[in-house]
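Visitor: pasting the structure only:
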Ligand code: FES
């Protein structure tokens, strides 16, 4: 592994391009299908993380086509339990045709522990097709500022490589906050990306639990430090600058608020949180606090449109969220984290009302205004609710 290298771009381009002109916010509908893909490589990145490369056969190429920033859900069954985890598709910058996931160890009995200790070349994993809405705003010639915490680097390095390739007029600056140099995921690949785009790509590592010899790049990325980091990257919120944030909730929230307070256009700031406030990302055993239904609570008639099919199920008052009722009738309802983080269970409300409560991290204000909800967090407020998972 190369030592951490802070790389600074020296110039930007000025020619016209239509790269990125398509709207990356168009939501791709997640299929209900699950597919077994063969592991072709398991590469240890750090003590606690591996990069898993999967073979996508020709007949599934379209199914697994994806945009930078999208993620897949892995379904893993063991000892009678089913675990689902969501991972960003993280392409090696030098091999955009490879289909790769970066997996951290996590909880002792979770999928991450299995993947980082047992999973080997030749094994298979069960995946649902890619989906998601996390993407860079389409703005040819922009300065894209990417801020990652920990494994939040995985979608951002993919987005950086893609936009640098596709838009020769853009500039990309990346801040990666990691606890220590030894835990810096994909540092080698960031250095390679710098070699490939020496004038247009800048990467800066900030070690939160290790002294790098400079206060600016040691300690938390917080409201006080962020403006100085941006200045070091020659970046400032304003026209022509976009921001993409990915990491733990605390980092993403603080950085996002700081950017808005500094005048960033909310539409130019995109974010994805991969860890909820509870500190658990995708733990199916943990959902919302159990609901104690009022004595006069009535069942709810839930209609779900899914893959062109209509499913009707009666939700009982004791059932916590819409997902619980839907799973009884239709086990293939898409979900992963059950914590309002990954957005896998996103659906549009066609009729009725739900209470989404707090603690949802996957939908932005536009999606909420358009009537989207997360069925893993939504509790019905009306006797009938109609949901469209294909919208
Ligand atoms: S299952 Fe992840 S947001 Fe609902």
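Guide: Happy to help now that I have it. Just so it is clear, the model here is predicted, and its values are computed rather than measured. Numbering: from 1, shown residues only.
Visitor: Any residues of this structure in contact with the ligand? List them.
Guide: Proximity of the chain to the ligand, by CB under 6 Å from any ligand atom, involves residues 335-338, 340-345, 362, 374, 376. All C-beta spots, glycine's among them, are computed from the backbone N, C-alpha and C.
Visitor: where do the strands sit along the stretch 1-150 of the chain?
Guide: All strands of the stretch 1-150 of the chain, identified by DSSP state E, counting those that start in this stretch, fall at 35-46, 49-55, 71-78, 81-88, 99-104, 124-131, 143-149.
Visitor: And the contacts of the second one?
Guide: Outside strand 49-55, the residues that touch it by CB atoms under 8 Å, 6 or more residues apart in numbering are 37-45, 90, 92, 98-105, 115-116, 119, 125, 127, 151, 185.
Visitor: hey, which of the strands of the stretch 1-150 of the chain is tucked in deepest?
Guide: Mean neighbour count (mean count of other CB atoms under 10 Å) peaks for strand 143-149 among the strands of the stretch 1-150 of the chain, with a mean of 26.
Visitor: The lowest-mean-pLDDT helix or strand in the chain pairs with which strands, and in what direction?
Guide: Sorting the helices and strands of the chain by mean pLDDT, DSSP states H and E puts strand 269-275 at the bottom, at a mean of 82. Sheet partners assigned to strand 269-275 using DSSP bridges are listed as strand 241-248 (parallel).
Visitor: Which helix or strand lies directly C-terminal to the partner strand?
Guide: Sequence-wise, the next helix or strand downstream of strand 241-248 (DSSP states H and E) is helix 249-261.
Visitor: got a list of what the closest residue to residue 60 other than its chain neighbours touches?
Guide: Of all residues not flanking residue 60 in the chain, residue 35 sits nearest, at 5.9 Å (CB to CB, 6 or more residues apart in numbering). Contact analysis of residue 35 by CB under 8 Å, 6+ apart lists 60, 63, 64, 126, 127, 128, 129.
Visitor: Phi and psi next, for the residue lying closest to the third one once chain neighbours are set aside.
Guide: Nearest-residue entry for residue 64: residue 56, 4.7 Å, with adjacent residues in sequence omitted and distances by CB to CB, 6+ apart. In terms of degrees, to the nearest 10, the main-chain angles of residue 56 are phi -100, psi 110.
Visitor: would you list the residues of the chain next to the ligand in JSON lines and tack on secondary structure and neighbour count?
Guide: Below are the residues of the chain next to the ligand laid out as JSON lines (DSSP: H, G, I helix; E, B strand; the rest coil; neighbours: other CB atoms under 10 Å):
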{"residue": "335", "secondary structure": "coil", "neighbour count": "21"}
{"residue": "336", "secondary structure": "coil", "neighbour count": "25"}
{"residue": "337", "secondary structure": "coil", "neighbour count": "28"}
{"residue": "338", "secondary structure": "coil", "neighbour count": "26"}
{"residue": "340", "secondary structure": "coil", "neighbour count": "24"}
{"residue": "341", "secondary structure": "coil", "neighbour count": "27"}
{"residue": "342", "secondary structure": "coil", "neighbour count": "30"}
{"residue": "343", "secondary structure": "coil", "neighbour count": "26"}
{"residue": "344", "secondary structure": "coil", "neighbour count": "25"}
{"residue": "345", "secondary structure": "coil", "neighbour count": "26"}
{"residue": "362", "secondary structure": "coil", "neighbour count": "23"}
{"residue": "374", "secondary structure": "strand", "neighbour count": "30"}
{"residue": "376", "secondary structure": "coil", "neighbour count": "30"}
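Visitor: returning to what we had before: what's the angle between the least confident helix or strand of the chain and helix 249-261?
Guide: 170 degrees (axes from the mean of the first three to the mean of the last three CA atoms, to 10 degrees).
Visitor: Of all the residues in the stretch 51-200 of the chain, which one is nearest the ligand?
Guide: residue 86 (6.8 Å; CB to the nearest ligand atom).
Visitor: Just to check, that residue is in contact with residue 344?
Guide: Yes: if you go by CB atoms under 8 Å, residue 86 and residue 344 touch, sitting 6.1 Å apart.
Visitor: which residues are in contact with both of those two?
Guide: Counting by CB under 8 Å, 6+ apart, the common neighbours of residue 86 and residue 344 are 73, 336, 337.
Visitor: between those, which is nearest residue 221?
Guide: Relative to residue 221, the closest of those is residue 337; by CB to CB it sits at 24.2 Å.
Visitor: Can you report phi and psi for residue 181?
Guide: Torsion angles at residue 181 (phi, psi; degrees, to the nearest 10) stand at phi -60, psi -40.
Visitor: I'd like the distance between it and residue 209.
Guide: Computed as CB to CB, to the nearest Å, the residue 181 to residue 209 distance reads 10 Å.
Visitor: Compare these two and say which is more crowded by neighbours.
Guide: Neighbour totals were compared for residue 181 and residue 209, and residue 181 leads with 14 against 11 (other CB atoms under 10 Å).
Visitor: pLDDT value on the more buried one, please?
Guide: For residue 181, the model assigns a pLDDT of 94.
Visitor: same thing with residue 307?
Guide: Value listed for residue 307 in the pLDDT field: 82.
Visitor: distance of it from residue 336?
Guide: Residue 307 sits 18 Å away from residue 336, taking CB to CB as the criterion.
Visitor: where in the chain is pLDDT low?
Guide: Counting by pLDDT under 70, the chain has low-confidence residues at 1-32, 275-297, 358.
Visitor: Please parse it into its domains.
Guide: The chain breaks down by automatic domain parsing into domains covering 35-129, 143-275, 300-388.
Visitor: how about those domains, which one is nearest residue 137?
Guide: With distances scored as CB to CB, the stretch of those nearest to residue 137 is domain 143-275 (4.6 Å).
Visitor: residues touching the closest residue to residue 237 other than its chain neighbours, list them.
Guide: Take residue 237 and drop its neighbours on the chain: the residue closest to it by CB to CB, 6+ apart is residue 264, 3.5 Å away. By CB under 8 Å, 6+ apart, the residues touching residue 264 are 237, 238, 241, 243.
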